[in-house]
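**Student:** sequence first, predicted model second:
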Amino acid sequence: MDDAPNAYADYEPPRRLRGLPTWLASEIARRGQRLVSEGLAQEGARRQHFSVLTSLSEQGAASQAALGRRLWIDRSDLHAILTELEGRGLVARVRDEQDRRRNVVALTPAGRTVLNRLDKRVDAAQDALLEPLSPADRRVLRRLLEQLAEGA
């Protein structure tokens, strides 16, 4: 639906829906996901690629199983994602020295370089999403969203 130029031209939800916080949150999330996906696509990446690279950068190398648990990515999906990233030289899967039965996934120098570019694309998507808000309103929104997320 997002691919069509005027996919939402006739989209006119009832006022009651437009006033629900849950509806508003899902609309904002949908727009944010689209902006992030478009930005990442300019670098030939997807959101799950970004999640994996970010996790490896921030949380360090991990077994495939641990990485999947960290990010809630299904084992077979993660295997496919890692195969793509490894094929591009962005991650390396090596045998764990402590347990030769498992692989440890690590970010490569090329992966770090690409992640820096992806970070800029994601930051630009955040700016585009929040463009109507002042810097002060952005800080308030972030604080309120964090408060809601912590309560979940």
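**Tutor:** Sure, I can see it. Numbering: from 1, shown residues only.
**Student:** hey, let's count contacts and neighbours off CA atoms from now on
**Tutor:** OK.
**Student:** so how far is the worst-scoring helix or strand of the chain on mean pLDDT off the chain centroid?
**Tutor:** When each helix and strand of the chain is scored by mean pLDDT, DSSP states H and E, helix 15-18 comes last, with a mean of 90. Relative to its chain's centre, helix 15-18 lies at 29 Å (CA atoms, centre = their mean, to the nearest Å).
**Student:** before we move on, what about stretch 73-92?
**Tutor:** Here stretch 73-92 is found 15 Å from its chain centre; the criterion is CA atoms, centre = their mean.
**Student:** mind listing what's buried along it?
**Tutor:** Using 16 or more other CA atoms under 10 Å as the test for burial, stretch 73-92 gives I73, L78, I81, L82, L85, E86, L90, V91, A92.
**Student:** send over the least confident helix or strand of the chain as CSV, restricted to the C-alpha atoms.
**Tutor:** Written as CSV, here are the backbone C-alpha positions of helix 15-18 (Å, rounded to 0.1, in the frame of the first residue of the first chain):
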residue,chain,number,x,y,z
ARG,A,15,-12.9,11.4,13.8
ARG,A,16,-13.3,8.9,16.7
LEU,A,17,-10.3,6.9,15.4
ARG,A,18,-8.2,9.9,14.7
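**Student:** list the contacts of it.
**Tutor:** Residues outside helix 15-18 that contact it (CA atoms under 8 Å, 6 or more residues apart in numbering) are W23, L24.
**Student:** for R95, give me the pLDDT.
**Tutor:** As predicted, R95 sits at a pLDDT of 88.
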